[in-house]
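Participant: need coordinates for the below:
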Amino acid sequence: MKTTFVPFTVALTVSLCLAACSGDRKDAEPAAKSASAASAVAANPLDVAVKPAMSSNFKVANVALQPVALVQEVSGRIEANERQVTRIGAGVTGRVTQVLAEVGDRVKPGQVLALVASPELANAQLAYLRASASTQLAERAVERARQLISADVIGSAELQRRESELSIARAELRATGDQLGLMGIPKAAVAQLRSSGSLVAHAQVVATQAGVVIERKVSQGQVAQPGDPLFTVADLGNVWVVGALPEQIARTARAGQQVDIKVPALGKDLSGRVVYVADTVSPETRTVPIRTQVDNADRQLKPQMLATLRLVGPATQQLVVPAAAVVRENDRDHVYVRTGDNLYRFTQVELAPATQDGVRPVLKGLSEGTPIVVDGAFHLHNERKRSELE
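Facilitator: Numbers count the residues shown, from 1 in each chain. Next comes the predicted model:
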């Protein structure tokens, strides 16, 4: 009996010891995993581990491609449409005797803006009267020659000579009349000068188009030269909105591109299209000028008002992240990338400005399919900061 009982007792003891050791290993596995995750987080301060109960507070999605239209905002200003701007000066050298228009006045074509007294004007009128008298003499000479040739008193050569002199006299009369027109003498005054011989005392500075006087560079008593711009008249029925794009992104702008325009002074938004993109870069600012044209029937847009131009480019496929996923720290953009179960890493990225759809195109730092926190990133960031403090 004794020889059979002892081996059985030893075997039972060994079995119980093995079972106890196995149970200890099973209980130690979760603790070992937790200790491993904690040590990983402690090794990298950019990582943050959350409790399983908190994981439902953070929504994770993969970075994916999406059609994105490039939007660029630049500062601009309102300017008069140069194609509808006229600079008006005197047609003769003389002294300004009267100024009849001020800045802001609405003028019509033919309206007198100023009067100029000039000796040249008197000489030009006298030349016109001489040409008129010569023309009348030549006309009478041709008429007599036709009567004489019908009576067979003179030959046809004499008639041709007198007709040639009449053509020359009429050409001189037209030339001197045109000269008076350039000096600011209206046609009615020229006709009266020919009929009555009364000289016009002043040359007129006349508006050549309808619009608003936006600049006056003349005062009474000033001596004016034919090349001096005395008044600037602009039709503000439509205006230009001009801006400048940085040379790095100027290639995206093109004529016909849609532009959203915001004028802070009026508190209103306008829309237009690019009508001009410069072919050269400004060496001082390293920018490319652009221009758009906007209707201004109500005249609310004033030259030199500030504006913001928002250019919407063509849509292209780009990696994007929601704006809510971005955490700003130290003037840099970051997102939280999921690296494991309940484990996230604070990752620096380079992003473009937000689009109208509330997403930000990825420039650098993420690839397609990367899982990031798209909802709850701010709270996860607070959790990471709390962990650092502890």
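
Participant: and for the most centrally placed residue in the chain, nearest residue in space, chain neighbours not counted?
Facilitator: Taking CA atoms, centre = their mean as the criterion, residue 243 is the residue nearest the geometric centre of the chain, at 3.6 Å. Computed as CB to CB, 6 or more residues apart in numbering, the closest residue to residue 243 that is not its neighbour in sequence is residue 76, at 3.3 Å. (Each C-beta comes from the backbone N, C-alpha and C, glycine too.)

Participant: what bridges to the closest residue in space to residue 106 that isn't next to it in sequence?
Facilitator: Using CB to CB, 6+ apart and skipping the chain neighbours, the partner closest in space to residue 106 is residue 212 (5.6 Å). Applying DSSP bridges to residue 212 gives these bridge partners: residue 106, residue 234.

Participant: quick one: residue 212 and residue 233 touch, right?
Facilitator: Yes: counting by CB atoms under 8 Å, a contact exists between residue 212 and residue 233, whose distance comes to 6.9 Å.

Participant: overlap in contacts, the two.
Facilitator: Shared contacts of residue 212 and residue 233, defined by CB atoms under 8 Å, 6 or more residues apart in numbering, comprise residue 107.

Participant: how far away from the center of its chain is the helix or strand where residue 328 lies?
Facilitator: When elements are assigned from DSSP states H and E, residue 328 belongs to strand 327-329. Relative to the mean C-alpha coordinate of its chain, strand 327-329 is positioned 31 Å out (CA atoms, centre = their mean, to the nearest Å).

Participant: and the next helix or strand past that strand?
Facilitator: strand 332-340.

Participant: show me the shaky parts of the stretch 51-200 of the chain.
Facilitator: In the predicted model of the stretch 51-200 of the chain, no residue satisfies pLDDT under 70.

Participant: quick check: the gap between the closest residue to residue 101 other than its chain neighbours and residue 265.
Facilitator: Closest residue in space to residue 101, ignoring its immediate chain neighbours: residue 113 at 4.3 Å, by CB to CB, 6+ apart. As judged by CB to CB, to the nearest Å, residue 113 and residue 265 stand 30 Å apart.

Participant: so which of those two has more stuff around it?
Facilitator: In terms of neighbours (other CB atoms under 10 Å), residue 113 is the more surrounded of residue 113 and residue 265; the figures are 24 against 12.

Participant: I'd say that one and residue 205 touch.
Facilitator: Yes: applying CB under 8 Å, one finds residue 113 in contact with residue 205, separated by 4.7 Å.

Participant: what is in contact with the two at once?
Facilitator: Going by CB under 8 Å, 6+ apart, residues that sit against residue 113 and also against residue 205 are 88, 230-231.

Participant: strands - which of the residues you listed land there?
Facilitator: By the criterion of DSSP state E, membership of these in strands covers 88, 230-231.
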